[in-house]
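*Asks:* Build the 3D model from these lines:
(one chain, ligands or ions: 1)
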Amino acid sequence: MPKRASDPAPRVLLFYSNTGGGHRAAAEALRDEFQRRYPHVTVVMEDFLLRYTFWPLSESDRFYFWAVEQWPGFWRWLYTVTSLPRVYLTIIRVLQWVLIPRVKRLYKTHAPVLIVSLHPLLNHLPRRALHAWHKEHHLSPRPPFATVITDLTTFHPSWVDPEVDLLVVGTQEACSRACQLGMPPEKVQILGLPVRPGFKNLPRDKGALRRHLGLDPDKPVVLLMSGGQGMGPVERIAREIANQVDVQLVIVTGRNGQLQRRLQDMAWSIPVRVLGFVEDIHLWMAASDVLVTKAGPGTIAEALISGLPILLYGYIPGQEEGNVRFVEQHNIGLYIPDPRRLAHTLAQWLQNPEQHVIPRSERARALGFPQATEQIVDTLIGLIPAETRPQPAWAPPD
Ligand code: UDP
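*Replies:* Residues are numbered from 1 along each chain as shown. All right, here's what the predicted structure looks like:
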């Protein structure tokens, strides 16, 4: 990490954690957009739970994957109990004795002009640390603190700290929930979820794109995803699709190397591409006709922009439950946990795309926020007081 003195560029601090791929993907999307639009700003991404807390919090990423995969009932219980304000606010109060000095040191090192949280556990505590640091050192003006919620509809109440300067949400449903949880409505903006800059201008020529990706331009493409970490019954679903549907199947296994190898070693009766973690997910979505996925908020937000009808096979209890309702109520997809029935429905959709695929695709596109990342970055920069606010790269000279 370069020393502050040798790097006078204004710094933006992004707090995230690797619990689920969505927080990190959203932080990376914001970082890339900051760097594209404001290249003279230094963006610092901090995996705060990993680097600055202690066991067991520092192992939150591993604990999270273990809990949601192996013990979903326990995860649901934990999520429900910690959703009670007196429980999570007590936990934060206890943690702040130890953690606030560490956060203040972080602020001292970076002297950020803006702090953004992309994680439910990183709002009250770092915001309180910021206010305390600011007061102790008589700094003026105080750098703004914003929260960008990476869940789509239902989210853990610890995302909402009414004292932050701005809360960015992805849907009207999330906005209503934030206000019910005590967020002043004038501080909430519905701008969409941060997605990779590539989603802003998706290629329109599907045939050419498929050829570019090594796919048959004329055969329907189904994209099977399972979050950043490759969770869930992907293998069973892939087998059922191969048995029942005449398509090209692209399976994205994310960071689950074992799953990737297992699927690559299998013999398939239809054309199947098995990919590991892909950076150009926007291209694979733009090349596809239907998405089969768990109800991850990031993936759903990207599918909306790409106009992809969605078949959901599962969800993480707690934070992803509302996403299932969202997809079904807006009539852009269905939740079908049984792999055989899911494949059967997929076959029906593809036999009659005018009835099943195209209308859902249009409704999905109408709900998407292709400009979300750019608008979020501009709105965040707008929070910085005028005298220290960075200007975009192409701003005309004064
Ligand atoms: N993702 C990706 N490449 C992959 C697999 C996933 O870029 O190979 C991205 C995906 O596009 C989405 C994020 O990882 O932006 C997953 O977030 P989501 O909220 O859907 O699920 P989570 O992994 O947090 O459970």
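*Asks:* Neighbours of the residue in the chain that the ligand sits nearest to, how many?
*Replies:* Of all residues in the chain, residue 296 sits closest to the ligand, at 2.2 Å by C-beta to the nearest ligand atom. All C-beta spots, glycine's among them, are computed from the backbone N, C-alpha and C. Number of residues near residue 296 (other C-beta atoms under 10 Å) recorded here: 30.
*Asks:* how about the residues of this protein that lie near the ligand?
*Replies:* Residues of the chain lying near the ligand by C-beta under 6 Å from any ligand atom: 20-22, 25, 227-229, 252, 254, 277-278, 281, 296-299, 302.
*Asks:* Could you give me the ChimeraX selection string for whichever of these are buried?
*Replies:* Remark: buried members of these, expressed as a ChimeraX selection using 16 or more other C-beta atoms under 10 Å:
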select :20,21,22,25,227,228,229,252,254,277,281,296,297,298,299,302
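*Asks:* So which of the residues of the chain next to the ligand sit within helices?
*Replies:* 21-22, 25, 281, 297-299, 302 (DSSP state H).
*Asks:* can you redo those residues as CSV with pLDDT?
*Replies:* What follows is those, written out as CSV (pLDDT from 0 to 100):
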residue, pLDDT
21, 76
22, 88
25, 93
281, 96
297, 96
298, 95
299, 97
302, 97
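*Asks:* Could you identify the most distant pair in these?
*Replies:* Maximum pairwise distance in these, criterion C-beta to C-beta, is 14.3 Å, between 281 and 297.
*Asks:* quick one on the thing from earlier: tell me which of the ones in helices among the residues of the chain next to the ligand is nearest to residue 10?
*Replies:* residue 25 (24.4 Å).
*Asks:* Assumed residue 241 was part of a helix.
*Replies:* Yes - counting by DSSP: H, G, I helix; E, B strand; the rest coil, residue 241 is found in a helix.
*Asks:* Leaving out chain neighbours, which residue sits closest to it?
*Replies:* Of all residues not flanking residue 241 in the chain, residue 343 sits nearest, at 4.8 Å (C-beta to C-beta, 6 or more residues apart in numbering).
*Asks:* Can you give me the neighbour number for the one you found?
*Replies:* 24.
*Asks:* same thing with residue 348?
*Replies:* 12.
*Asks:* And the one 5 residues further on, by the same measure?
*Replies:* Look at residue 353: counted by other C-beta under 10 Å, it has 16 neighbours.
*Asks:* Quick one: residues contacting it.
*Replies:* 220, 289 (C-beta atoms under 8 Å, 6 or more residues apart in numbering).
*Asks:* Would you mind measuring from it to residue 359?
*Replies:* Distance, residue 353 to residue 359, by C-beta to C-beta, to the nearest Å: 10 Å.
*Asks:* And for residue 168?
*Replies:* Taken as C-beta to C-beta, the span from residue 168 to residue 359 is 30 Å.
*Asks:* Could you check which helix or strand contains the residue lying closest to residue 370 once chain neighbours are set aside?
*Replies:* Spatial nearest neighbour of residue 370, excluding adjacent residues (C-beta to C-beta, 6+ apart): residue 305 at 4.8 Å. Using DSSP states H and E, residue 305 maps to helix 297-306.
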